[in-house]
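A.B. asks: Pasted the sequence and its predicted model underneath.
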Amino acid sequence: MLGVLLMVVAAFLNAAASVLQRRATKEEPESAGFSWQMMWDLARRPVWFLGICTMIFGFLLHAVSISVSRISLVQPLLVTELPFTLLLASWVFRAPLPRAVLWAILLQSAGLALFVGTLSPTGGNPSAVSAGTWALGIAITAAIIAALVVGGYRSRLEHRAAMLGVATGVTFGLNSSLIAGVGAAVERGAPLLTTWQTYGVAVLAPISFFLLQNSLQAGNLAASQPGFTLMNPLTSVVWGLVVFGEQSRQGVFLIGVVAGAALIAIGTVLLARSPLLDPEATQRQRYGSTPPG
């Protein structure tokens, strides 16, 4: 239960960080993408710095949650980040939540409860995974990330934001899997600084951070947020079941797992279409075709 609570709080902090960072990065021109000049410009904006502090705190809670619970159990809870993002966007941009958004939140919540309840993973031990299996899993995941980044770099506007959002989500999921390895190693008595996954996290964290900023800069949250929301937990669940050897329920319970995943995906797509994730669209709805100022 501690892991579940910490992951929900981490999802809320991630949502707050997304709203704050998008508010800062939306002022950057498209030509600034994939440049260190953009990072320097953002670093001088207080709202961006507040978003980074919030994200770091959320990351720490996320890491503790993974360390005290099974990754396939707590990672799906990250899908609550999108409803939290919408609630915060509604407050920040002073726009009421449409009834369709409330129904989509209920749909996603029901899917999450069904998915987690029927999956109910057991067993699994990251510290028992061989070096070869770790290397193969990392290589395959890194290849997927690289393909998404190349595709995003060659795309424009919302297509770039969507592809980079998916790449960022997969990178976050891989990072979470490495953190699970760190937690398992420390739990069995290995010093933190002698665990190779610790240095893997140190290398991957700035890469995922750089991808996050570029996906937020490329387009509105409606394009990038679904990638963060779905691919992070999905990548972690796959790692938990395939690499770490966690066991899910079988038989009729698989129907519930598939149905829950479908409800989560449908609810996420519906939520991502909300104009609350696009500040400009929200302004147009409130003030007409020409926003004030």
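C.D. replies: Right, received. Where do you want to start?

A.B. asks: what ranges of the stretch 51-200 of the chain fall below the confidence cut-off?
C.D. replies: 93, 157 (pLDDT under 70).

A.B. asks: Does Thr171 belong to a helix, a strand or coil?
C.D. replies: Using DSSP: H, G, I helix; E, B strand; the rest coil, the three-state assignment for Thr171 comes out as helix.

A.B. asks: Equivalent analysis for Thr118, please.
C.D. replies: Going by three-state DSSP: Thr118 is helix.

A.B. asks: Report the separation between the residue nearest to it when sequence neighbours are not counted and Ser248.
C.D. replies: Spatial nearest neighbour of Thr118, excluding adjacent residues (Cβ to Cβ, 6 or more residues apart in numbering): Gly256 at 3.2 Å. C-beta here means a position set from N, CA and C on the backbone, and glycine is covered the same way. With the distance defined as Cβ to Cβ, to the nearest Å, Gly256 ends up 11 Å from Ser248.

A.B. asks: Export stretch 113-126 to PDB, keeping only CA atoms.
C.D. replies: What follows is stretch 113-126, C-alpha atoms only, in PDB (Å, rounded to 0.1, in the frame of the first residue of the first chain):
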ATOM      1  CA  ALA A 113      -8.700  -0.800 -11.300                       C
ATOM      2  CA  LEU A 114      -9.600  -3.800 -13.600                       C
ATOM      3  CA  PHE A 115      -6.100  -4.000 -15.100                       C
ATOM      4  CA  VAL A 116      -4.200  -3.900 -11.700                       C
ATOM      5  CA  GLY A 117      -6.700  -6.200 -10.000                       C
ATOM      6  CA  THR A 118      -6.700  -8.900 -12.600                       C
ATOM      7  CA  LEU A 119      -3.000  -8.700 -13.400                       C
ATOM      8  CA  SER A 120      -2.000  -9.000  -9.700                       C
ATOM      9  CA  PRO A 121       1.700  -9.800 -10.400                       C
ATOM     10  CA  THR A 122       3.700 -12.100  -8.100                       C
ATOM     11  CA  GLY A 123       7.300 -13.200  -7.900                       C
ATOM     12  CA  GLY A 124      10.000 -11.700 -10.000                       C
ATOM     13  CA  ASN A 125      13.500 -10.600  -8.900                       C
ATOM     14  CA  PRO A 126      15.500  -8.000 -10.800                       C
END
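
A.B. asks: What lies in contact with that stretch?
C.D. replies: 70-73, 76-77, 177, 180-181, 183-185, 237, 240-241, 243-249, 253-257, 259-261, 263-264 (Cβ atoms under 8 Å, 6 or more residues apart in numbering).

A.B. asks: and if you look at stretch 195-212?
C.D. replies: Under Cβ under 8 Å, 6+ apart, the answer for stretch 195-212 is 21, 39, 138, 149, 164, 167-168, 171-172, 174-175, 178-179, 181-182, 185-186, 192, 228.

A.B. asks: what about Ile144, distance to Phe12?
C.D. replies: As defined by Cβ to Cβ, Ile144 lies at a distance of 28 Å from Phe12.

A.B. asks: Can you turn the buried subset of the contacts of stretch 113-126 into a selection I can paste into PyMOL?
C.D. replies: Buried subset of those, written as a PyMOL selection, criterion 16 or more other Cβ atoms under 10 Å:
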select buried, resi 70+71+72+73+76+77+177+180+181+183+184+185+237+240+241+243+244+246+248+256+257+260+261+263+264
